[in-house]
Every structure is written in structure tokens, then in C-alpha cells.
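Visitor: mind looking at a prediction? Sequence and model below.
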Amino acid sequence: MTTTTTAYAAPAAKAPLERTTIPRRAVGAHDVLIDIKFSGVCHSDIHQAREGWGQAIFPMVPGHEITGVVSRTGPGVTRHAVGDRVGVGVMVDSCRDCENCRAGLPNYCLNGNVMTYNAVGYDGEPTYGGYSRQIVVDENFVVRIPDNLPLDIAAPLLCAGVTTYSPLRHWNAGPGSRIAVVGMGGLGHLAVKLAHAMGAEVTVLSQSLRKREDGLRLGARHYHATSDPKTFDELKGSFDLILSTVSAPLDLDSYLSLLRTDGALVNVGLPEEPLAVNMFTMVLGRRTLAGSACGSIQETQDMLDLCAAHGLGADIERIDASQINEAFDRVLSSDVRYRFVIDIATL
Ligand code: NAP
Ligand code: ZN
Ligand code: ZN
């Protein structure tokens with residue numbers, strides 16, 4: 001039977017989020033019902049709630065950094081049990097049949113995976129995210145939160161964590177590699193922690209030196225301000241991998257020129273406008289410009305296990321649900337250290 005649950009939703013593009021109720025589907029044979037405890041606030045929530053990426057579906061309940069506890073399971077569920085501490089990230093389904101799904105990469109599903117919110121599921125119904133008390137998700141898109149990771153600091157790992165972990169692994173971050181992280185926000189601060197945990201030498205490229213002490217504490221060896229033009233002269237040709245987590249347009253050429261020969265600039269940030277690039281900067285250094293989308297379910301589990309082994313979670317500011325609109329504004333002005341996480345008990 002379909003149920004209703006309390007949520008925070010944007011009724012229309014750019015409108016403030018408000019408390020409301022939304023439907024949740026009946027728990028199917030392979031579904032789990034999760035009582036949500038915490039939901040992280042990703043910059044993608046803001047891009048979408050404000051229609052920065054194009055037309056969106058309203059009312060919208062954002063939230064794709066979800067942790068909670070399983071409170072019911074369908075009869076065919078084998079991976080999770082009532083009482084388990086679990087998480088849900090950016091996607092809740094995929095076609096499961098295309099080349100990429102069969103290769104374990106539902107994040108690159110060729111028929112389109114179903115995003116946790118602002119999407120329409122294979123059942124034809126809109127999806128609603130984690131700024132809500134309960135969610136029903138197919139067990140294959142639910143991961144296990146290791147026992148030693150508190151659910152609040154684990155929540156941002158479900159998007160920000162795996163979105164930075166996946167390209168770090170794919171481009172072989174490790175001992176001997178020199179990695180720059182551009183932007184030290186939600187994604188960026190976890191990129192620093194994860195790249196450091198993998199043994200890489202990490203440099204932060206931030207707009208200012210305001211967060212330098214934090215960057216060094218989180219594991220960066222070096223920290224530079226991109227507002228200082230000297231930074232780009234000094235660091236020319238320095239990095240094997242640059243991970244840009246910047247949500248706004250960026251001068252790609254200046255960053256490409258910081259790569260060594262064969263280095264890669266990988267964008268996980270998703271600015272709302274297209275960016276230009278000078279091919280000479282790429283061609284002359286045999287440099288790569290790439291992108292990367294969240295991570296697979298297996299990578300999410302691997303990342304959580306790595307975090308558990310290193311006792312690593314996000315640095316968070318816990319907020320009440322009623323503070324969500326203020327939190328959106330603070331994220332937009334890069335005023336968050338380093339992820340807002342909604343305590344769903346306050347919803
Ligand atoms: P965030 O917390 O706002 O962090 C973004 C950081 O970028 C800021 O902290 C700031 O770092 C820097 N920045 C912001 N505006 C800038 C500007 N005008 N010029 C230069 N730097 C600027 O956001 P987030 O949640 O980490 O998300 C970052 C981006 O990744 C968003 O576009 C989001 O949609 C995208 N995203 C993509 C995926 C994916 O699958 N690829 C997944 C999640 C999120 P400093 O203060 O250090 O300069
Ligand atoms: Zn996200
Ligand atoms: Zn597929």
C-alpha cells in the first residue's frame with residue numbers, strides 16, 4: 001500500500017523549500033523501507049531546485065546523501081535486514097540490462113539510471129529524495145554503513161564521498177602521485193581526505209587562503225589561492241591529476257597548464273554553463289580533460305569500507321530541517337565547513 005511521509009520540498013523552481021507530505025510506494029518484493037536519520041545537502045540539490053541545469057520536476061524533494069535504518073523488507077530481500085544501518089546515494093534504479101549496467105556501472109547506464117529525486121522511475125512515478133522521513137528503495141541500490149561510522153558524518157559520503165573516490169581510483173591516485181583538488185567545499189574536503197588516505201601528495205587550490213589550516217589538517221601537503229596569479233606560474237606542469245569540484249565556470253586553460261605531460265583534469269563539478277577550452281593547452285602536453293559521474297554501488301561500498309578503515313567521515317554542520325533555505329544560501333556563498341547535514345528527527 002502506498003503511504004505518505006513528511007518531507008521538505010521546493011514547490012516550484014527557485015521557491016523556498018517548505019514542509020509537506022509526499023507519497024512513498026508500497027514495499028515491493030525486492031524493496032527496503034528506510035527510516036531516514038540524516039540527509040546531506042549537496043550543491044546539486046541547489047542546482048536542481050533552482051533549475052540551473054534545465055527543466056526540473058516539481059514539487060521537488062532533494063537529498064541524495066541518505067543514511068538511516070531499515071524498518072521493513074520485501075519478501076525477496078536478501079542483502080539487508082530490519083535494523084541494518086544503510087545508505088542511499090544519487091541513484092535508485094537503472095535498466096540493469098545495458099552494457100554498462102552489466103559491467104557494474106549503473107552510474108553510466110545507457111538507458112538512463114533513475115536519480116534519487118527529480119526523475120521518473122521505471123514505474124512512471126516521480127522520485128523524491130532524502131529530505132524526508134522515509135524512503136522505499138530497491139535493495140540493490142542500498143549500501144551498508146560500517147558499524148564504526150556515525151550516520152551523520154557518513155551521510156555526505158553517499159554522494160560527495162563516492163563522487164571523489166571514483167575518479168581518484170580510476171586515475172590511480174596513490175603513493176607517488178601528485179594530486180590537486182580545486183575547491184574545498186563538500187566534495188573538495190572529502191577529496192582531500194580520500195586522496196591523502198590513498199597515499200597521494202595532495203594540494204588544495206582554493207579561491208583564497210581562508211580555509212588553509214583546515215586543508216592541511218585534512219591531509220593536504222600544500223594549499224594555494226587561485227586568486228593569486230603567482231599560483232599558476234609557480235605550479236605549472238606540477239600535477240598528475242587535478243580534480244575540479246567547482247560548481248561555477250572555471251578558466252580550464254589555466255588549470256590544464258598545471259598538469260604534467262599525460263596528466264588529467266577531471267571535472268566532477270557541474271557548472272550551469274558550458275566552458276571553453278584552448279586545444280593547444282591539451283595537445284601540446286598530451287593532456288586529458290575528463291568528467292566523472294558519482295560512482296557505482298560497488299565503489300560506494302568500497303569507499304565506505306575505506307572510510308571505516310581510516311575512521312574517516314565528512315566534516316559537517318548539523319542543521320534542523322527548518323534551516324534548509326538558509327543552508328542553501330550559505331552553500332552558494334562557499335560558507336560551509338564542509339557539509340550541511342539535516343537531522344531528520346527535526347523534520
Ligand atoms: P560546494 O560545497 O559548494 O563546493 C564547491 C566549491 O567550489 C566551493 O566550496 C568553492 O571552494 C569552489 N567555488 C565555488 N564557486 C567558485 C567560483 N566562482 N570560482 C572558483 N571556485 C568556486 O559544492 P559541492 O556540493 O562540493 O558540489 C560541487 C559541484 O559538484 C557542484 O556543481 C555539484 O553539482 C557537483 N557534483 C557533481 C557530482 C558528479 O557526479 N559529478 C556529484 C555531486 C556534486 P573554495 O571556497 O575552496 O574556493
Ligand atoms: Zn550530490
Ligand atoms: Zn543500463
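Guide: Thanks, I have it. Numbering: from 1, shown residues only. Ligands and ions are numbered 1, 2, ... in the order given.
Visitor: rest of the way, CA atoms for contacts and neighbours
Guide: Will do.
Visitor: need the contact list for R330.
Guide: Neighbouring residues of R330 by Cα atoms under 8 Å, 6 or more residues apart in numbering: V336.
Visitor: convert the helix or strand that it is a member of to PDB, retaining C-alpha atoms only.
Guide: Using DSSP states H and E, R330 falls within helix 324-332. The C-alpha trace of helix 324-332 is given here as PDB (Å, rounded to 0.1, in the frame of the first residue of the first chain):
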ATOM      1  CA  ILE A 324      17.400  24.300   4.900                       C
ATOM      2  CA  ASN A 325      16.800  27.500   2.900                       C
ATOM      3  CA  GLU A 326      19.400  29.400   4.900                       C
ATOM      4  CA  ALA A 327      21.800  26.500   4.300                       C
ATOM      5  CA  PHE A 328      21.300  26.700   0.500                       C
ATOM      6  CA  ASP A 329      22.200  30.400   0.600                       C
ATOM      7  CA  ARG A 330      25.300  29.600   2.700                       C
ATOM      8  CA  VAL A 331      26.500  26.900   0.300                       C
ATOM      9  CA  LEU A 332      26.100  29.300  -2.600                       C
END
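Visitor: hmm, that helix in reach of ligand 2?
Guide: No. Judged by Cα under 5 Å from the ion, helix 324-332 stays clear of ligand 2, getting no closer than 12.7 Å.
Visitor: in the stretch 201-347 of the chain, which spans are helices?
Guide: For the stretch 201-347 of the chain, the helices defined by DSSP state H, counting those that start in this stretch cover 212-218, 230-234, 252-256, 279-283, 297-310, 324-332.
Visitor: between the ones you listed, which gets nearest to R79?
Guide: Of all those, helix 297-310 sits nearest to R79, with 12.8 Å by Cα to Cα.
Visitor: mind giving me the packing neighbours of the lowest-mean-pLDDT helix or strand in the chain?
Guide: Lowest on mean pLDDT, DSSP states H and E among the helices and strands of the chain sits helix 279-283, with a mean of 94. Helices and strands touching helix 279-283, by 3 or more Cα pairs under 8 Å, 6 or more residues apart in numbering; DSSP states H and E, are helix 252-256.
Visitor: ok, which of the helices of the stretch 201-347 of the chain comes nearest V61?
Guide: That would be helix 324-332 among the helices of the stretch 201-347 of the chain, by Cα to Cα, at 11.7 Å.
Visitor: which residues touch the least confident helix or strand of the chain?
Guide: With contact meaning Cα under 8 Å, 6+ apart, helix 279-283 is reached by 253, 256-257, 287-289.
Visitor: run the chain-centre distance for the strand or helix carrying A195.
Guide: Following DSSP H and E, one finds A195 within helix 186-197. Centroid displacement of helix 186-197 relative to its chain, using Cα atoms, centre = their mean, to the nearest Å, is 12 Å.
Visitor: excluding residues flanking it in the chain, which one is nearest R212?
Guide: Among residues not flanking R212 along the chain, Y223 sits closest, at 6.1 Å (Cα to Cα, 6 or more residues apart in numbering).
Visitor: mind listing what the one you found touches?
Guide: 203-206, 209, 212, 215-216.
Visitor: so the closest residue to Q298 other than its chain neighbours, which of the three states?
Guide: The shortest distance from Q298 to any non-neighbouring residue, by Cα to Cα, 6+ apart, is to G104 (7.6 Å). Recorded secondary structure, G104: coil (DSSP: H, G, I helix; E, B strand; the rest coil).
Visitor: same check on the one 3 residues further on?
Guide: Here N107 takes the helix state, with states given by three-state DSSP.
Visitor: which residue packs closest to it, ignoring adjacent ones?
Guide: In space, N107 is closest to S296, 5.6 Å off (Cα to Cα, 6+ apart).
Visitor: how many neighbours does that neighbour have?
Guide: Using other Cα atoms under 10 Å, S296 has 22 neighbouring residues.
Visitor: re earlier: check contacts around the residue nearest to Q298.
Guide: With Cα under 8 Å, 6+ apart, G104 has these contacts: 296-298.
Visitor: pLDDT wise, what is D152 at?
Guide: D152 is assigned 98 on the pLDDT scale.
Visitor: for Y117, give me its contacts.
Guide: Y117 makes contact with 60-64, 126-129, according to Cα under 8 Å, 6+ apart.
Visitor: how many neighbours does the nearest residue to R96 once chain neighbours are set aside have?
Guide: Nearest non-adjacent residue to R96, counting by Cα to Cα, 6+ apart: R102, 6.4 Å away. Using other Cα under 10 Å, R102 has 12 neighbouring residues.
Visitor: what number of residues are in the vicinity of the residue of the stretch 101-250 of the chain found nearest ligand 2?
Guide: The nearest approach of the stretch 101-250 of the chain to ligand 2 comes at C159, 4.7 Å away (Cα to the ion). Per other Cα under 10 Å, the neighbour tally for C159 reads 28.
Visitor: OK, now which residue of the stretch 151-300 of the chain is nearest to ligand 3?
Guide: Nearest residue of the stretch 151-300 of the chain to ligand 3: S296, at 11.9 Å (Cα to the ion).
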